[in-house]
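Q: Sequence plus the predicted model coming up.
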Amino acid sequence: MIEQLPLRQKVFSQHARNDSWHQRYEYLETLERLITENQAEICKALHLDFKKPEVEALSAEVMPLLKEIRFTQKNLKKWMKLQRVSTPLLLMGSKSYTRFEALGSCLIIAPWNYPIYLSLCPMISALAAGNGVVLKPSEYAPNSSRLLHKLLPKYFKQEQVAVVEGGPETTTALLALPFDHVFFTGSTEVGKHIMKGASQNLARITLELGGKSPTIVDNTADLKLAAQKILWAKFLNAGQTCIAPDYLFVQDSIHHHFIKLLKAELEVFYGTHKDDVRSSKSFARIINRKHADRLKGLLEDALANNASLLAGGEVVLEENYVAPTLLDNVDVHSKVMNEEIFGPILPIFKFKEFSEVVHFINEKPKPLTIYLYSNSELHVRQLMKETSSGTLSINDSMVSMLNPHLPFGGVGASGLGNYHGLYGFETFSHKKAIFKQGWAGKFMAMLFPPYDAGKLEIIKKLIKLKL
Ligand code: NAD
C-alpha cells in the first residue's frame, strides 16, 4: 500500500503545478480550519503525550502554525509569479525568468517534541508550493500521531496529504520509495540514516537537526530579564526543544549575582518547595521512560564528576519527571557536555575573556542557535564574524523563529537547508530557469563549427571584453 504513495502524490502535484494561487490559498485555508476547529483536541493529545501545559501547546504549536499559514497566504501570489531576471550584454536581445515549480511528492518525517507544529509547519510550505505530501509523525508522541492520522484525511484528499504512522522500520521503508523531497526533523544521528536512505532515489533533502545551543551572558546585559528569558526557553516543554539553551556561559564578574537571580526567578516560575515544582501545571513531563532514564544518567554522571547542584535535581522515573535543574562547576568532559541534553538540566560555566567562549564554541560542532545576552556591540560583532550557527539571537531566546522573514535551519551538524516563509516555499520548489532567445540569437552562429582562425579570434576578443 505505501509503495503507491509517491506516485499518487506526484500525480496530484502534476495537476497542482498549474493551480492558480487561489487554489493554493484554499489548501492553506483548509489546514487553518483543521487547526482551529480541533484546537481543543490538539491540546488534549499534547497533554496526554507529555502533560504539555495548554499555554505552551497554544503558544508554541498552534499559534506559530496559524501565523505561518497567514504569512504564506499573504505572499503566495507574489512568490508564484514568473520572475524576470536580468540578462548580461553577451546575451543581449534575450529574456530570462525564474519560476518556482512543485517538486512532486514530499515525505515529511517529524519528531515528537512539538509533534503537531513540526508535522504541519513544513506541510504549509509543501502545500503552498503545490506538492503532494506524505507525513510520518513520531511514534513517541502516540496521541498526537493518532490525531493527525485521524484528522488530515477528513480535510484533505489522500493523494494530497497522506499520513503513515510508525517507527524507524516504517521510515526506512518509506525512504526506499521514490519521493522527490525528504524533509526530516530529528536528531543528528538519525539524520545520517535519513540522508543515506534518501540517496537511494537521489531525493532532495532538508535536515532540521539538533545539537547543543550555547547561551552567553556578559556583564553588560540586563541581568534580570536575561535570567527570565533563559529559564523560560530552557524549561519550556521541559527542555525538550531543539533551540533550547543547552548550556550557559556567564562572565565571572556577575556569575555569583546571576546565579542568585536564576534561582530566585526559577522559584517564581515553578514554586519554592520541590513538591510545588513537581505539581506545577506550568511544567511538562519527559516524553517517555527511556529519555527520563537518559537524563537521570546525565545528571548522576555530572554530579559524580563534582558538579554542584544549584536547584532541582529531583527525578521521579514513574512519572517521567525531571525537575528544572541548574548545575554549576560542571566538568566539560562529563556526559552532559558531550551530547545534546534535550531536557531540563542547565550546566553553567564562568568565563573571563569573551574570546574563551568563542574558542569553546568553535571547538564544537556548529550549533543550531547561539544566544547572547549583552549590550556590547563588540561582543555581538565578534560572535557574528567569528562563529557559525543556524541562528545568532541577541537579547532574546527562541522568539526569532516567529519571524517568517528569517530562515530557520541549522548548519553542519545542526542541519542542512531551511524553511519558514519564502525559505520554506523555496525548499519545497524547484527554481526553474526559463530562457527566451530574441533578435540576437542568430549571432551565435559565428561560433558554430567548422572552427577556423577567424572564429578563434572572435572568442579571444569576447573573453577580453568586460561584458
Ligand atoms: P529522532 O531522530 O529520534 O526521530 C525523528 C524521526 O525519525 C521520528 O519520526 C522517528 O520515528 C524517526 N526515526 C528514529 N530513528 C530512526 C531510524 N533509525 N531510521 C529511520 N527513522 C528513524 O528525533 P526525536 O527524538 O523525535 O527528536 C529529538 C531530536 O530532534 C533532537 O535532537 C532535537 O534537537 C531535534 N529537533 C530538531 C528540530 C529542528 O527544527 N532543527 C526540531 C525539533 C527537534
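A: Looks like it came in fine.

Q: For residue 400, grab the count of nearby residues.
A: When counting by other Cβ atoms under 10 Å, one arrives at 16 neighbours for residue 400. Just so you know, the C-beta spots here come from the backbone N, C-alpha and C atoms, and that holds for glycine as well.

Q: Run a quick check on it versus residue 394, I expect a contact.
A: No. Contact criterion Cβ atoms under 8 Å: residue 400 and residue 394 do not qualify, at 9.3 Å.

Q: helix, strand or coil for the residue in the chain positioned nearest to the ligand?
A: Using Cβ to the nearest ligand atom, the single residue of the chain nearest to the ligand is residue 210, 2.0 Å away. The local conformation at residue 210, judged by DSSP: H, G, I helix; E, B strand; the rest coil, is coil.

Q: Relative to residue 191, how far out is it?
A: Noted for residue 210: a distance of 9 Å to residue 191, by Cβ to Cβ, to the nearest Å.

Q: between the two, which one's more packed in?
A: Between residue 210 and residue 191, counted using other Cβ under 10 Å, the more crowded position is residue 210 (28 against 23).

Q: wait, doesn't that one sit right on residue 342?
A: Yes. With contact defined as Cβ under 8 Å, residue 210 reaches residue 342; the gap is 6.9 Å.

Q: Please parse this structure into its domains.
A: The chain breaks down into these domains under automatic domain parsing: 2-209+418-431, 214-402.

Q: quick check, the shortest one touching the ligand?
A: Right, domain 214-402. Yes. For domain 214-402, a contact with the ligand is found by Cβ under 6 Å from any ligand atom, at 242, 340, 342, 368.

Q: pretty sure the last one is touching residue 410, no?
A: Right, residue 368. Yes. The pair residue 368 / residue 410 is scored as a contact, 4.5 Å apart, by Cβ under 8 Å.

Q: quick revisit: now render the residues of domain 214-402 next to the ligand as TSV, adding neighbour count and secondary structure.
A: Listed next are these as TSV, based on neighbours: other Cβ atoms under 10 Å; DSSP: H, G, I helix; E, B strand; the rest coil:
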residue	neighbour count	secondary structure
242	27	coil
340	20	coil
342	25	coil
368	27	coil
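
Q: Show me the two of those that sit farthest apart.
A: Spanning the widest gap among those are 342 and 368, at 11.8 Å by Cβ to Cβ.

Q: what residues do the two have in common as contacts?
A: With contacts defined as Cβ atoms under 8 Å, 6 or more residues apart in numbering, the residues shared by residue 342 and residue 368 are residue 210.

Q: before we move on, back to that, as CSV, the domains of the chain with mean pLDDT and distance to residue 465 would be great.
A: Below are the domains of the chain laid out as CSV (pLDDT from 0 to 100; distance: least, Cβ to Cβ, whole Å):
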stretch, mean pLDDT, distance to residue 465
domain 2-209+418-431, 97, 8
domain 214-402, 98, 37
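
Q: Of these, which is nearest residue 447?
A: Once these are compared by Cβ to Cβ, domain 2-209+418-431 is nearest, at 11.7 Å.

Q: Spit out the contact partners of residue 425.
A: By Cβ under 8 Å, 6+ apart, the residues touching residue 425 are 72, 76, 79, 100, 125, 128, 129.

Q: List the ones among those that fall in helices.
A: 72, 76, 79, 125, 128 (DSSP state H).

Q: Who wins on neighbours among these?
A: That'd be residue 128 among the ones in helices among the contacts of residue 425, by other Cβ under 10 Å, with 28 neighbours.

Q: Please give me every residue in contact with it.
A: Contacts of residue 128 (Cβ under 8 Å, 6+ apart): 24, 27, 28, 72, 76, 79, 424, 425, 428.

Q: what about 6 Å?
A: 24, 72, 76, 425 (Cβ atoms under 6 Å, 6 or more residues apart in numbering).

Q: Equivalent analysis for residue 420, please.
A: By Cβ under 6 Å, 6+ apart, the contact set of residue 420 is 404, 408.

Q: cool, residue 139 as well?
A: Applying Cβ under 6 Å, 6+ apart, the residues contacting residue 139 are residue 167.

Q: still on that earlier bit, can I assume the residue of the chain closest to the ligand is in contact with residue 340?
A: Yes. Contact between residue 210 and residue 340 holds when scored by Cβ atoms under 6 Å: they sit 5.0 Å apart.

Q: Beta-bridge partners for residue 135, please?
A: residue 108, residue 163 (DSSP bridges).

Q: Need the per-residue pLDDT for the residue of the chain closest to the ligand.
A: Here the pLDDT value assigned to residue 210 is 93.

Q: who touches the helix or strand hosting residue 69?
A: Using DSSP states H and E, residue 69 falls within helix 63-80. With contact meaning Cβ under 6 Å, 6+ apart, helix 63-80 is reached by 21, 24-25, 28, 32, 35, 117, 120-121, 124, 128, 404, 421, 425.

Q: Test my guess that residue 148 contacts residue 137.
A: Yes. Residue 148 lies in contact with residue 137 (Cβ under 6 Å); the separation is 5.2 Å.

Q: Have a look at those two and say which one is more surrounded.
A: Using other Cβ under 10 Å as the criterion, residue 148 and residue 137 rank with residue 137 on top: 28 against 25.

Q: I figured the more buried one hits residue 119, correct?
A: Yes. Contact criterion Cβ under 6 Å: residue 137 and residue 119 qualify, at 5.2 Å.

Q: what touches both of these two?
A: Joint contacts of residue 137 and residue 119 (Cβ under 6 Å, 6+ apart) are 110, 148.

Q: what's residue 228 in contact with, if anything?
A: Here residue 228 is in contact with residue 265 (criterion: Cβ under 6 Å, 6+ apart).
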